[in-house]
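A.B. asks: Sequence plus the predicted model coming up.
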Amino acid sequence: MPKISRDDPRAGHMSSDVTVDRGGLAEFVAARHRWVLATTRSDGRPQMSLVTGGMVASGRLAIATYPERVKARNVRRNPLVSVGVMGDAFNDAWVQIDGDASVVDMPDAADALVEYYRSISGEHPDWDEYRRAMADQGKCVILVEPTRWGPVSTGGFPPSLFEATD
């Protein structure tokens with residue numbers, strides 16, 4: 001089968017996989033907060049939750065939620081989780097991160113929730129007010145220690161369809 005020229009418009013939509021180290025992972029995740037959290041239901045099937053998350057200074061992933069939510073219950077039962085981190089557009093680069101998760105409840109969750117907020121939105125105008133709000137709402141935080149991650153990937157046409165570059 002003949003190869004497609006690199007000048008063809010389809011070449012602009014070529015798939016890619018970029019292996020990253022922990023620093024590269026942190027750089028990729030820093031600006032991307034739309035995630036899919038995969039936990040395990042009691043019957044062994046996956047439970048996926050659309051979440052907002054951030055990587056905190058320790059390198060853990062942080063997701064704010066409520067103790068009664070299924071994702072928190074699942075993590076308490078089975079800490080093995082996966083997180084899909086994606087960009088704003090469907091075709092953006094993405095990465096899957098596997099890790100060991102834990103749920104931290106209030107009042108112990110207050111500092112982790114501050115880190116979560118900072119990782120996504122920066123500084124809050126009144127941290128005491130934020131901590132009170134988190135306590136009043138009974139929030140908790142899921143923290144995920146990354147244990148492995150795939151390459152940062154983009155979808156598209158396989159590079160093998162195109163002529164080699166010199």
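C.D. replies: Nice, thanks for sending it over. Everything numeric in this text was worked out from a predicted model, so none of it was measured.

A.B. asks: Go ahead and flag the most central residue of the protein.
C.D. replies: Residue closest to the mean C-alpha point of the chain, counted by CA atoms, centre = their mean, is residue 85 at 3.7 Å.

A.B. asks: List the contacts of that residue.
C.D. replies: 28-29, 32, 34-35, 53, 94-97 (CB atoms under 8 Å, 6 or more residues apart in numbering). For glycine as for every other residue, the C-beta is placed from the backbone atoms N, C-alpha and C.

A.B. asks: In terms of helices and strands, where is it?
C.D. replies: If you go by DSSP states H and E, residue 85 is part of strand 80-86.

A.B. asks: Alpha carbons of that strand, in CSV - could you do that?
C.D. replies: Provided in CSV are the C-alpha atoms of strand 80-86 (Å, rounded to 0.1, in the frame of the first residue of the first chain):
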residue,chain,number,x,y,z
LEU,A,80,-6.7,0.7,43.1
VAL,A,81,-7.9,3.4,40.7
SER,A,82,-7.2,4.8,37.3
VAL,A,83,-7.5,8.4,36.2
GLY,A,84,-7.9,9.6,32.6
VAL,A,85,-6.6,13.2,32.3
MET,A,86,-7.7,15.0,29.2
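
A.B. asks: Adjacent strands (with direction) for that strand?
C.D. replies: Sheet pairing of strand 80-86 (DSSP bridges) gives strand 34-40 (antiparallel), strand 94-105 (antiparallel).

A.B. asks: list the buried ones in the shortest one?
C.D. replies: This points to strand 34-40. 35-40 (16 or more other CB atoms under 10 Å).

A.B. asks: Tell me what angle whatever helix or strand comes next after it forms with strand 94-105.
C.D. replies: Counting by DSSP H and E, the element after strand 34-40 in chain order, helix or strand, is strand 46-55. Orientation check (axes from the mean of the first three to the mean of the last three CA atoms, to 10 degrees): strand 46-55 against strand 94-105 gives 90 degrees.

A.B. asks: helices or strands up against strand 46-55?
C.D. replies: helix 22-30, strand 34-40, strand 61-65, helix 70-77, helix 110-121 (3 or more CB pairs under 8 Å, 6 or more residues apart in numbering; DSSP states H and E).
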